[in-house]
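# Let me see the structure of the following:
(one chain, ligands or ions: 1)
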Amino acid sequence: MFDIIIIGGGVIGSAVAYELTKYNLRVALFEKENDIATGTTKANSAIIHAGYDPVPNSLTARLNVRGNELAHIICKKLDVPFKETGSVVCAFGEEDDETVRKLYHRGVENGVPGLKILNKQELKTLEPNISDEATTALYAPTAGVISPWEYALAFAEVAVQNGLELHLSEKVTDIKEGNVVVTEKGEYAAKYIIAAAGVNCNDIESMVAEPDYTLKPSKGEYYLLDKSAFGIVNTVVFQCPNKNGKGVLISPTVHGNIIVGPNAEASEKEDLSTTADGLSFVRTAAAKSVPTLNLSTNIRNFAGMRANTNEEDFIIRFVRAGFLSLAGIKSPGLASAPAIAEYVRQLLEKDGLSLTEKENIVDTRKRIRFKELSPEEKNALIKENPAYGRVICRCETITEGEIVATFSSPIPPVSIDGVKRRCNAGMGRCQGGFCAPRVLELIHKHTGIPKEEIVKDKSGSTVLSGGAL
Ligand SMILES: Cc1cc2nc3c(=O)[nH]c(=O)nc-3n(C[C@H](O)[C@H](O)[C@H](O)COP(=O)(O)OP(=O)(O)OC[C@H]3O[C@@H](n4cnc5c(N)ncnc54)[C@H](O)[C@@H]3O)c2cc1C
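Next comes the predicted model:
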């Protein structure tokens, strides 16, 4: 019997696992895919929002502001790439100026620190490439950019070290009376089930009761620009939000690229295609903020799926005794993740779950980032382990030593993209064109998985086919 079963290994399920494994509880997490962070968590704008956007006194407002505060602390502790770049919401005319003022007052009410309304000149000084049409902007210094998949992985890796029983590639297919989780591989009873299944929140909830909300999946498409574009903006540059979301942004990424997007299109939840129309909308909207933006440096287009519902707020509540559902965790879900986990812990405690802290827990994490070391440190490392002297991913300068280290991490990767999410191999200009075959060789060598069974990402995405020549 488990105390807690978490369904879903995105940033929310992982953050909940990180929080709850600090206590003397038997906790398991079931994820249908072969890795952590393969859902919406890997395809979003990667912004740790400051918290001026959500409606005051809503759950979202409270959890966003608290999540931002916690991200600053946790990213240092768990060695997750995070840069407090600050953000600007730009106005283009009087109507937008009014929205900027409204957002400023919302932010103040939500408790967001350091907000300031910039005039045209102040905005130009901060963002020299901004359009001359921009009139004012709301500046939020505590907003930042993060590696979303490394955030989720860090939570999950530390949770595993603190006793989480992680079941990857095990889809939850039903929930039976008595709080029994049924998967493709077995049945598991738990005192509490916590559903954190992202856009599948309604499917999981339907296993116990008819959801009292309507899921309205909304797709967002992006451009990811080469590092040569870095510097075109210094902060996260938003336009004023509208009924479809936070609008198109241009932002530095924590890895040194520029991200541009997203649009917002009602969509089937499985449809992660990019489209000519969607990308054309993004291009036109982005040019309004920065007319000199050069999208020919694009290295990848991708799409992510928002778990929007008919409710504006996050929907977090007990659906029945022992079943806590986290639904409608759209933006700012990433920014709010650790605060959502904290809130889940409080709800469980209020429900009567006894929580005693474990005596010894892991609450740190460190990984070697070879290219960030000094020449002396690099030399010493290569002397100790020559695999750090062999560069496998040339675009990102990722060494064999870093790739091999992922196979002895608490959650070893089984796919080429799993390696990428852990050490950035394949994230650069050539998008793995050069290093993917070498990464495949290393996966085979260090995990024993036959080469023809190694996948690019999710189950079924095998890379090699046919017989030997
Ligand atoms: C276009 C876009 C832009 C965004 N930008 C931002 C941003 O800048 N900042 C921000 O704060 N938020 C942003 N968000 C929102 C943020 O990405 C999400 O709130 C967050 O990633 C949700 O995480 P999750 O864990 O709930 O979902 P997911 O990451 O989707 O994880 C859910 C997991 O559940 C698993 N699962 C589903 N069904 C089952 C089952 N039956 N059995 C087992 N496992 C199952 C899935 O495989 C998946 O891994 C954005 C979202 C989108 C789409």
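# Send me the helix or strand that Ala335 is a member of as PDB with only the CA atoms.
Assessed by DSSP states H and E, Ala335 sits inside helix 333-350. In PDB, the C-alpha atoms belonging to helix 333-350 read as follows (Å, rounded to 0.1, in the frame of the first residue of the first chain):
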ATOM      1  CA  GLY A 333       2.100  26.300 -14.300                       C
ATOM      2  CA  LEU A 334       5.900  26.100 -14.800                       C
ATOM      3  CA  ALA A 335       6.500  29.200 -12.700                       C
ATOM      4  CA  SER A 336       4.100  28.000 -10.000                       C
ATOM      5  CA  ALA A 337       5.300  24.300  -9.900                       C
ATOM      6  CA  PRO A 338       7.000  24.300  -6.500                       C
ATOM      7  CA  ALA A 339       4.300  26.400  -4.900                       C
ATOM      8  CA  ILE A 340       1.700  24.000  -6.300                       C
ATOM      9  CA  ALA A 341       3.600  21.200  -4.600                       C
ATOM     10  CA  GLU A 342       3.700  23.100  -1.400                       C
ATOM     11  CA  TYR A 343      -0.100  23.700  -1.700                       C
ATOM     12  CA  VAL A 344      -0.700  20.000  -2.300                       C
ATOM     13  CA  ARG A 345       1.300  19.200   0.800                       C
ATOM     14  CA  GLN A 346      -0.900  21.700   2.800                       C
ATOM     15  CA  LEU A 347      -4.100  20.200   1.400                       C
ATOM     16  CA  LEU A 348      -3.000  16.700   2.400                       C
ATOM     17  CA  GLU A 349      -2.000  17.800   5.800                       C
ATOM     18  CA  LYS A 350      -5.400  19.500   6.300                       C
END
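# ok, and does that helix reach over to the ligand?
Yes: remark: helix 333-350 sits within contact range of the ligand at Gly333, Leu334, Ala335, by C-beta under 6 Å from any ligand atom. Quick note: C-beta positions are derived from backbone N, CA and C, even for glycine.
# If you rank these by neighbours, which is first?
Of all the residues of helix 333-350 next to the ligand, Ala335 has the most neighbours under the rule other C-beta atoms under 10 Å, reaching 29 neighbours.
# So that one sits against Asn64, correct?
Yes: assessed by C-beta atoms under 8 Å, Ala335 is found in contact with Asn64 at 5.5 Å.
# who touches both of these two?
His49, Gly51 (C-beta atoms under 8 Å, 6 or more residues apart in numbering).
# ok, back up a step: tell me which residues of the helix holding Ala335 are tucked away?
For helix 333-350, burial by neighbour count (16 or more other C-beta atoms under 10 Å) applies to 333-345, 347-348.
# which one among the residues of helix 333-350 next to the ligand gets closest to Lys383?
Proximity of the residues of helix 333-350 next to the ligand to Lys383, judged by C-beta to C-beta, is greatest for Leu334, which lies at 39.4 Å.
# give me every residue that touches that closest one.
Val11, Thr41, Asn44, Ala46, Ile47, Ile48, Ile146, Pro148, Tyr151.
# Now flag whichever of these is closest to Asn110.
Distances from Asn110 to the contacts of Leu334, taken by C-beta to C-beta, are shortest for Ile48, at 14.7 Å.
# Now the closest residue to Thr38 other than its chain neighbours, what are its backbone angles?
Distances taken as C-beta to C-beta, 6 or more residues apart in numbering place Lys458 nearest to Thr38, at 6.2 Å, with adjacent residues excluded. Backbone geometry at Lys458, expressed as degrees, to the nearest 10, gives phi -80, psi 170.
# now do Ile194
According to degrees, to the nearest 10, Ile194 has phi -120, psi 120.
# Lys451: neighbouring residues, count only.
Taking other C-beta under 10 Å as the definition, Lys451 ends up with a neighbour count of 14.
# Report the contact partners of the residue lying closest to it once chain neighbours are set aside.
Leaving aside its sequence neighbours, Lys451 sits nearest to His444 (C-beta to C-beta, 6+ apart; 4.9 Å). Contact analysis of His444 by C-beta under 8 Å, 6+ apart lists Pro450, Lys451, Ile454.
# pLDDT value on His444, please?
Note on His444: pLDDT of 97.
# In a helix, it, correct?
Yes: if the criterion is DSSP: H, G, I helix; E, B strand; the rest coil, then His444 is within a helix.
# And it, how far from Thr38?
21 Å (C-beta to C-beta, to the nearest Å).
# And Thr183, by the same measure?
Thr183 sits 17 Å away from Thr38, taking C-beta to C-beta as the criterion.
# Who has more neighbours out of those two?
Thr38 (24 against 18).
# my guess is that one contacts Ser459, does it?
No: using C-beta under 8 Å, Thr38 is not in contact with Ser459, being 10.0 Å away.
# Could you tell me whether Leu29 really is in a helix?
No: applying three-state DSSP, one finds Leu29 to be strand, outside a helix.
# ok, now which ones touch it?
The neighbours of Leu29, taking C-beta under 8 Å, 6+ apart as the test, are 5-9, 13-14, 17, 156, 159, 164-167.
# go with 10 Å
The neighbourhood of Leu29, defined by C-beta atoms under 10 Å, 6 or more residues apart in numbering, consists of 4-9, 13-14, 16-17, 20-21, 36, 156, 159-160, 164-168, 170, 194, 196.
# give me the beta-bridge partners of the nearest residue to Cys435 once chain neighbours are set aside?
Nearest non-adjacent residue to Cys435, counting by C-beta to C-beta, 6+ apart: Cys393, 4.2 Å away. Counting by DSSP bridges, Cys393 is bridged to Ile398.
# Pull up the gap between Cys393 and the ligand, please.
When distance is defined by C-beta to the nearest ligand atom, to the nearest Å, Cys393 is 25 Å away from the ligand.
# Could you check the pLDDT of that residue?
The per-residue pLDDT reported for Cys393 equals 97.
# Equivalent analysis for Leu326, please.
pLDDT at Leu326 comes out at 98.
# same thing with the one 10 residues further on?
At Ser336 the predicted local confidence, pLDDT, stands at 98.
# how about it, what does it touch?
Shown in contact with Ser336 (C-beta under 10 Å, 6+ apart): 11-12, 15, 48-49, 51, 54, 59-68, 70-71, 314, 329, 342-343.
# just Thr136 next, same as before
Contacts of Thr136 by C-beta under 10 Å, 6+ apart are 88-94, 96-101, 104, 117-120, 122-123.
# Spatially nearest residue to it (excluding sequence neighbours)?
Spatial nearest neighbour of Thr136, chain neighbours left out: Ala91 (4.7 Å); criterion: C-beta to C-beta, 6+ apart.
# how many neighbours does the one you found have?
When neighbours are defined as other C-beta under 10 Å, Ala91 has 26 of them.
# List the residues that contact it.
Residues in contact with Ala91 (C-beta under 10 Å, 6+ apart) are 97-101, 103, 117-118, 120, 123, 133-138, 239-240.
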